[in-house]
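Asks: Quick one, structure for this:
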Amino acid sequence: MARSLDLDELVEHWTLLDDERELTAGKRGPTRLGFALLLKFYTRAGRFPRGRGELPDEAVEFVARQVGVDPAELRFYEWSGSTIAYHRAQIRAHLGFRECSVADADKLIEWLAANVCEAERRPELVRDELLVRCRAERIEPPAAGRVDRIVRSALHQAEQRLTGRIVARLPIDVADRLRALVAVDVPDDDTGGDSVLALIKSVPGNVSLDSMLTEIRKLRAVRAIGLPRGLFADVAPRVVASWRARAAVESPSHLRDHPEPLMLTLLAALLHARLREITDALVELLIATVHRIGARADKKVTEELVNAFKRVTGKENILFAIAEASLDRPDDPVRSVVYPAVAGGEQTLRELVHEFKTKGPVYRRTVQTTLKASYSNHYRRGLIELLDVLEFRSNNATHRPVLDALDLIKRHADARLTYYPAGETVPTHKGLLGDWTSLVFTDTGRSGRRVVRNVYEICTFQALRERLRCKEIWVVGADRWRNPDEDLPADFEAHRAAHYAALRKPLDPTAFIGQMREEMRTELAALDAAVPKLAWLEVAERGKQGPIKLTDLDAAPEPRNLRRLKAEVRARWGIVPLVDMLKEAVLRTGCLAGVTAAAGRGDLAADVLAERLLLAIYAYGTNTGIRAIAGSAQHGHSEDDIRYVRRRYLTAEVARTIAVEIANATFAARAQTVWGASSTAVASDSTHFGAFDQNIFTEWHSRYGGRGVLIYWHIERKSMAIHSQLINCSASEVAAMIEGAMRHGTTMEVEGNYVDSHGQSEVGFGITRLLGFDLLPRIKRINKVRLYRPAAGEPDAYPRLAPALTRPIRWEIIAEQYDQMIKYATAIRAGTASTEAILRRFTRANAIHPTYQAMIEVGRAQRTIFVARYLRDRDLQREINEGLNVVESWNRANSVIFFGKGGDIATNRRDEQELSVLCLRVLQAALVYVNTLMVQDVLADDEWATLLTDADQRGLTPLFWTHVAPYGEVKLDMSHRLALGTAALRV
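Replies: Numbers count the residues shown, from 1 in each chain. This is a model prediction of the structure:
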């Protein structure tokens, strides 16, 4: 069914021009109308319509008025036969198009193979490029089946060329070692014992010495193959990623079935990608291990020394009492003067001494001594071996001493030394300062000051960890931990103006600064003037409580008819199995059409593939597992059948695409009269999922009190998820917020993002200002927020806000670093690196970074603008609160749908964890989509037309599940459909 058109589209695309009117002049009735519609459709689409269903009703009426024919006459136009064939020939001749000949098809295949398919392997995108090329060459696109054959041929030719080029670069001995990888068969799940290929495919274990040694062995195994440098230098990263995905899911026997050039290329791509992934894993293990050494030492000493700890209160009073008593009776014994002066006497003084010892220097030295023992006796072996396989570098000479210290450690790693040799030059770095100095440097008498080797190593690894985390030190051959200069756009200097224009920022920093300063003045002045009139706000000196006092929002009126609406939905459709909602959403949106095999095979019938994909998505999205889903005999698909489809077809990218298409279909299906105008704001927040901890991704979360991972959701105002991310518990929620807002992939335009306190920071305010969307947080401790002044020398400005005001913004820092900030923002916008990789540079550990300081100043200015507006605008406060409540509702639905295994993610593989989250998102998106259609069907009835009040409209949501059955036996019947009257079917 064609979509509806507005007047502008009708005028632009369906207006008959003078020469086109001449073509229709000799025709009458339905022939005249049918010819005119064919002509305008062809002019716009570059092909003829396949039938009446592709012609929008609005276009038919619009064209009918122009040619003076009743629109109803179109039903008499013949869509087959000699008349329409003659009309098509006329239109082709008029527009200069020709039918696609065999020679044209061969040329199109050659062009696609050379110009498109070497960089893009997704058939649907290659098809789009084919249609564009046909239009440019004035060729009428062939039929759908022939287009598919042309696309397949072009992809095949391009793959042959690429694989031939790659294999030609492989030395003979390297090719032999690649063949040896698949000489031994291992199961598809990569549990192949001593198989090198199975080892390379395996995922990292938990943070431990064994995991580190295994990853080191894995890295050496990959390097031993000896892939030449630059093997994939001229191959698009997306193509290499697709080869890697194919090789990862195939067993050796399947790989051997391929032509040798393809087999060798797939294996080489797998090794090329795994080399970077394993290097990243080792860096993360290093960071986590060094942290764990310190954390465990601290915990152990705490347990030993603080068990008997009793905090002594009123230390100042005790000190005063002792001093006064001592001055009054300076010559008397301590026992008769000091003890009586203190409440509790001698026991209180003993407790006071004990507290000092357990919290003061003695405590810290004990922690350091315990840490040294833990490192020397256990972890040192793995960390020293890491230095042999990882190459650390820095672009900043300030951190050269840490790198020199690592070289020193490597040189003396195998020697049995307590101190470094007297003549050895020992680099000094910041990690040796403070409390560690007395343990690192020891006076040995005649030999003078010596450096204790093991303590020096601990300090160096701790310094290395801190520099790695902010990417001041990076690792050769890594991906996430690579040279930070590679994260930035390489063409920034050459296309500076275009990059500034893409961010809608002026080239002149003074224009940017002037705009921000004026916004600050406007908002601060408006708040200053409004304070006396705002009953919910008080700004005054209040000591430790902070200068701002903001009262809570009043309770909104309760929606009274939504319960009736949900009951009506349940009465009409009964209890609907969740799998039926998934099936209905898939069939109506056609979101499975683009699914292709990860292994490059398409030997399953489309209907069989669809059923097994639905079952796999349901198994992962409910967390019940494929075995439980396959236990039902209703659908006739075995566990092995579903696992095969999961392994070959259902990748994270496929699941993400399905979720995006369901979201887009929901946006298109919404009736504005029911849901209101579309929103440009989303709410984002994280939720904690328990997960197995035998991997390096699962971490302890102090707020949730357990091990697991975080899922970061972006939910728009009417409860549809537009993005989801699986992140570590220690990952930056600010980076996740920006990543989702920038790269959600749906048709929604995000101009604002509601977040809770954890999703905002000064850097977050700064980078979102540069990226061009509003950060709208609910700040937990807003009472202590400080407002910055827009300029110096204005002490009397905004007198009512004086208790909350602080220093002026340092605009000169922003002016100096403006170009660099735009460069970082461009990297995020263009996706040259992940947002988290970019923002690693901007942490407190790297506070001296000049761009970080400038970004902080931009953030402080933007936060001041936001807070000033937020405090005086009660509607904005309610809007943010309601938006975040939508995320809370989404999280409640998680526990209903993701019910299997107690809601814990029961896998240690990162890719499996991510797939579980994406399938959960697909299920909830399907629920929202179907509920949207159900609600619209109910409200289309006359009796419901005026029943909902304003409070009902405000609370109306498609995210409810009182009529849904997520549990029980799975009975998938593709022929049974839900009776819904809205939205087109796309089976």
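
Asks: I'd like to know how many residues surround residue 495.
Replies: Residue 495: 13 surrounding residues under other C-beta atoms under 10 Å. All C-beta atoms are positioned from the backbone trio N, CA, C, and that covers glycine.

Asks: Show me the strands in the stretch 301-450 of the chain, by range?
Replies: 392-394, 441-443, 449-451 (DSSP state E, counting those that start in this stretch).

Asks: As JSON lines, those strands with mean pLDDT, mean neighbour count and distance to residue 475 would be great.
Replies: Below are those laid out as JSON lines (pLDDT from 0 to 100; neighbours: other C-beta atoms under 10 Å; distance: least, C-beta to C-beta, whole Å):
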{"stretch": "strand 392-394", "mean pLDDT": "94", "mean neighbour count": "16", "distance to residue 475": "6"}
{"stretch": "strand 441-443", "mean pLDDT": "82", "mean neighbour count": "13", "distance to residue 475": "30"}
{"stretch": "strand 449-451", "mean pLDDT": "85", "mean neighbour count": "15", "distance to residue 475": "26"}
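
Asks: Can you say which of those is nearest to residue 664?
Replies: strand 392-394 (43.9 Å; C-beta to C-beta).

Asks: quick one: contacts of the closest one?
Replies: Outside strand 392-394, the residues that touch it by C-beta atoms under 8 Å, 6 or more residues apart in numbering are 400, 402, 403, 406, 464, 467, 472, 473, 474, 475, 476, 483.

Asks: Next step: those restricted to helices.
Replies: 400, 402, 403, 406, 464, 467 (DSSP state H).

Asks: surely the second one meets residue 429?
Replies: Yes - checked against C-beta atoms under 8 Å, the pair residue 402 and residue 429 is within contact range at 5.0 Å.

Asks: For residue 501, grab the count of nearby residues.
Replies: Residue 501: 12 neighbours (other C-beta under 10 Å).

Asks: any idea which element residue 920 lies in?
Replies: helix 910-939 (DSSP states H and E).

Asks: buried stuff in that helix?
Replies: Applying a neighbour-count criterion of 16 or more other C-beta atoms under 10 Å, one finds 910, 912-939 buried in helix 910-939.

Asks: just to revisit the earlier point, which of the ones in helices among the contacts of strand 392-394 sit farthest apart?
Replies: 400 and 464 (12.7 Å).

Asks: Now do residue 363, the pLDDT please.
Replies: If you check residue 363, the pLDDT there is 51.

Asks: do residue 912 as well
Replies: Residue 912 carries a pLDDT value of 90.

Asks: which SS state does the residue sitting nearest the centre point of the chain fall under?
Replies: In the chain, the centroid-proximal residue (C-alpha atoms, centre = their mean) is residue 725; its distance is 4.3 Å. Taking DSSP: H, G, I helix; E, B strand; the rest coil as the rule, one finds residue 725 in the strand state.

Asks: For it, give me its contacts.
Replies: 711, 712, 736, 739, 740.

Asks: try residue 147
Replies: 127, 130, 131, 141.

Asks: go again using 10 Å as the cut-off
Replies: 100, 105, 108, 123, 126, 127, 130, 131, 134, 141 (C-beta atoms under 10 Å, 6 or more residues apart in numbering).

Asks: Surely the last one and residue 45 touch.
Replies: The one in question is residue 141. Yes - between residue 141 and residue 45 there is a contact under C-beta atoms under 10 Å: 8.9 Å.

Asks: Now list whatever residues contact both of the two.
Replies: If you check residue 141 and residue 45 against C-beta under 10 Å, 6+ apart, the residues they both contact are 131, 135.

Asks: Those two - which one has more neighbours?
Replies: Legend: neighbour count by other C-beta under 10 Å for residue 141 and residue 45, higher for residue 141 (22 against 14).

Asks: Quickly note the distance from the more buried one to residue 79.
Replies: 18 Å (C-beta to C-beta, to the nearest Å).

Asks: Contact partners for residue 570?
Replies: 576, 934, 960, 962, 963, 964.

Asks: Buried members of those residues into ChimeraX, please.
Replies: Only the buried entries of the contacts of residue 570 go into this ChimeraX selection, using 16+ other C-beta under 10 Å:
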select :576,934,960,963,964
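
Asks: which one among the contacts of residue 570 gets closest to residue 784?
Replies: Looking across the contacts of residue 570 and measuring by C-beta to C-beta, the closest to residue 784 is residue 960, at 38.2 Å.
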